[in-house]
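Q: Model the following, please.
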Amino acid sequence: MKKTYSKSLKYLAYVVLSVLAFAGIVIGLFFFSISQNKKQLNKEASEKSKNCNSILYVTEQPEITFFDFKDITSNHLEFKVIRNNKVIKDTVILDTTANKNIINYINIPFNSFLKTDSILITVHKEFHYYISDFKHTVGLNYGMFGPVATSDCELLNSFTINGNKNKTNLNKAIAISVDKENTFDTTK
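A: Next comes the predicted model:
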């Protein structure tokens, strides 16, 4: 009886070790596959990044957030596209509704402009904001275990506003007062 018990115990130990070894191999292959997929996506993203850097125009109408303002309606906003110190396009947004809605964000109202252009936003005819440094980047599509594919080029939602990098919101602390003289030509 002892011999069969000993044999059964050995057999059980071999089975358990075999199952653990098999599970280790499967888990190892899974993580190896994820690692190889990430390497491939990084290579693909690097190749697509070159294409993104060659894009000349911004066509996405980026969103700008107003922070530290409590009373902005669209009647208080002027937009200008500045290229080589000259105003290329300008627009004033008019809100003709009876009740003026206070806004917290707005999309830049130009359908297309060069990535090298600056956008001047004037708030309340009092504060200037120069927005520049527009960049495109490769987007990644994410799955349960990380990125699974690259997408087309997308506008990076991070700009330089009045010399402050990586911003998306306008606040009074970084504003340039309108009292300072304009350094650009207003002739189109």
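
Q: domain assignment for the chain?
A: 1-54, 57-177 (automatic domain parsing).

Q: Single out the most deeply packed of those domains.
A: Neighbour counts (mean count of other Cβ atoms under 10 Å) averaged over each of these peak at domain 57-177, with a mean of 15. Bear in mind the C-beta positions are built from the backbone N, C-alpha and C, glycine included.

Q: Following element in sequence after the longest strand belonging to the chain, please.
A: For the chain, the strand with the greatest residue count under DSSP state E is strand 146-155. Note on strand 146-155: by DSSP states H and E, the next helix or strand toward the C-terminus is strand 159-161.

Q: Look at T91 and give its secondary structure.
A: Three-state call for T91 (DSSP: H, G, I helix; E, B strand; the rest coil): strand.

Q: beta partners of it?
A: F79 (DSSP bridges).

Q: check contacts around it.
A: 78-79, 109-110 (Cβ atoms under 8 Å, 6 or more residues apart in numbering).

Q: returning to what we had before: could you redo the domains of the chain as CSV and give each row mean pLDDT?
A: Listed next are the domains of the chain as CSV, based on pLDDT from 0 to 100:
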stretch, mean pLDDT
domain 1-54, 86
domain 57-177, 82
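
Q: element containing V15?
A: helix 2-53.

Q: Tell me if I'm right that S151 and G139 touch.
A: Yes - the pair S151 / G139 is scored as a contact, 3.9 Å apart, by Cβ atoms under 8 Å.

Q: Now N111: phi and psi?
A: N111 adopts backbone torsions of phi -70, psi -30, taken as degrees, to the nearest 10.

Q: which non-adjacent residue is nearest it?
A: T59 (6.6 Å; Cβ to Cβ, 6 or more residues apart in numbering).

Q: what's the spacing between the residue nearest to N37 when sequence neighbours are not counted and H136?
A: With sequence-adjacent residues excluded and distances taken as Cβ to Cβ, 6+ apart, N37 is closest to V148, at 7.4 Å. The gap separating V148 from H136 is 21 Å, by Cβ to Cβ, to the nearest Å.

Q: still on that earlier bit, and the angle for the longest strand of the chain with helix 2-53?
A: Orientation check (axes from the mean of the first three to the mean of the last three Cα atoms, to 10 degrees): strand 146-155 against helix 2-53 gives 10 degrees.

Q: helices or strands up against strand 146-155?
A: helix 2-53, strand 136-143 (3 or more Cβ pairs under 8 Å, 6 or more residues apart in numbering; DSSP states H and E).
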